[in-house]
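Visitor: Requesting a structural model of the entry that follows:
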Amino acid sequence: NQTNSTLGAGDGGIVSNVVLAACAATDKFTGQLLLVNAGAGVATHCVITNCTAWQQSDGSGGGMFLQVSSGRADNCLVANNSFECKDVGTPKDENCSSSVRVAGGTLVNCTVANNRTSGLTTMLCAGVAVSGGKAVNTVIAANDSRSSRAHYSAWTGTAANFVNCLVEPDYELPNDTCVAGYPLFISPLNRDYRLSAASPCRNVGTNATTWTYGTTDLAGQPRQREVGGGTTIDLGAYQYDETVVEPSRVHYVDANGTNPVSPYDTPATAATDVFDALKVTDWGHELRLLPGVHPVAKSVDITRDHITVCGTTGDPKDVVIRAVTSSNRCMKVNAGTHTLVHSLTLADGSGGSGGPAKGRNAVTGACLVLADVSQSANGSGDDGLVETGRFAFVRSPFVYRTKTAQPGFVRLRAYVVDATGKRYQKVYT
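Guide: Reported below is the predicted structural model:
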């Protein structure tokens, strides 16, 4: 469906237990999929997913998935949605184009996750924008904005108006009441945003009556229940449920294996192909490669957040990802934030399209080796390893051994924090 406003909760109105899926907010100025715009209006236990909002080319604003102008929204999930910039343009007010906007009223115990911006604009907030009212006990995670302002992937607006919200440590916290951490959902790959046992969202919300609404979470589970007898509300749309069976977070690959059984969670049932294991590797999971040579006929693309790819012995010589042909790259990291690759060798990949390995917002770990990678100069100066992001090269040693058709160089651009805490950029060649 394409619409200016799909649903609205006016004064005294309630929108409850509604799912909005595959819809589009298209109005030039005020399009939103769910609008709460009067003092006693309520949106509760709702889901907005796989929807699209458009940013206008003249900078006049754009759609939102959820807007709380007054009243409240509680126990709602806004996930897996995307913005599309219709043309070249810069919004005049970044708060007007965000996954969730709180212009007044309250956003309470909601989960805003895995929303993306696309197109040419750099001002869209993929997370939560607060220009009035409050955002409380809300999880804001794995949203990806193309803004040059890093925290726009998580939040923007009045920092003091975020209360007890979780923001990933990749971004600046709005204030000291908020929690820095990765939410550790059960399985974002399968659209399951319930909390795992290890989630830092557990038992850290505020029970203040000013912010507490309803007695159940989005799944209908009691809000004030916690294993061990605690009664503190969890962050996000879901209270932790100990009866949920959690999937394995570790997956193995053995190029010489004989008994591959998904989800490949033991060495004895390891996948024989890297790509089979990647299909079941979710956010926060580890992909462990057993000793041997792992041939790849195409680039190993890491497309999900917070994944670790590593050898199992700690010695990079023991585990090799080798390109079958010299025309393909060995690995590409596309994840939004905090991907760790370590203790392995990438071999024989081509640099003709940007290097044997290429990453964005990736962490390269101890003993990552690129060995004998064939590269063809293309005049751009980017024929080698291209690794960018907030967490580049945090461990040592890092070894880069290559052969090129003509002499080249290595350039490292890094942000350095001095003794006073000031951050500045340095370039090493």
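Visitor: where exactly do the strands run in the stretch 201-350 of the chain?
Guide: Assigned strands in the stretch 201-350 of the chain, in chain order: 250-253, 286-289, 292-296, 300-302, 308-311, 319-323, 331-333, 339-342, 345-347 (criterion: DSSP state E, counting those that start in this stretch).
Visitor: Can you list the strands that the fourth one pairs with?
Guide: Pairing partners of strand 300-302, with direction, according to DSSP bridges: strand 331-333 (parallel).
Visitor: Could you export the strands of the stretch 201-350 of the chain as JSON lines, including mean pLDDT?
Guide: Shown next, in JSON lines, are the strands of the stretch 201-350 of the chain (pLDDT from 0 to 100):
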{"stretch": "strand 250-253", "mean pLDDT": "97"}
{"stretch": "strand 286-289", "mean pLDDT": "95"}
{"stretch": "strand 292-296", "mean pLDDT": "93"}
{"stretch": "strand 300-302", "mean pLDDT": "84"}
{"stretch": "strand 308-311", "mean pLDDT": "88"}
{"stretch": "strand 319-323", "mean pLDDT": "86"}
{"stretch": "strand 331-333", "mean pLDDT": "77"}
{"stretch": "strand 339-342", "mean pLDDT": "76"}
{"stretch": "strand 345-347", "mean pLDDT": "79"}
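Visitor: List the contacts of Asn256.
Guide: 272, 290, 292 (Cβ atoms under 8 Å, 6 or more residues apart in numbering). Where you see a C-beta, it was placed from the backbone N, CA and C, and this is true even at glycine.
Visitor: Tell me the most packed of the residues you listed, by neighbour count.
Guide: Leu290 (18 neighbours; other Cβ atoms under 10 Å).
Visitor: mind listing what that one touches?
Guide: 252-257, 267, 270, 312, 319.
Visitor: Which pLDDT value belongs to it?
Guide: As predicted, Leu290 sits at a pLDDT of 97.
Visitor: helix/strand/coil for Val78?
Guide: strand (DSSP: H, G, I helix; E, B strand; the rest coil).
Visitor: That one contacts Ser98, doesn't it?
Guide: No. Using Cβ atoms under 8 Å as the test, Val78 is too far from Ser98 to be in contact (10.2 Å).
Visitor: Those two - which one has more neighbours?
Guide: Each of Val78 and Ser98 has its neighbours counted (other Cβ under 10 Å); Ser98 has more, 35 against 32.
Visitor: who does that one bridge with?
Guide: Beta-bridge partners of Ser98, as defined by DSSP bridges: Cys125.
Visitor: what's the spacing between it and Thr272?
Guide: Distance of Ser98 to Thr272, given as Cβ to Cβ, to the nearest Å: 44 Å.
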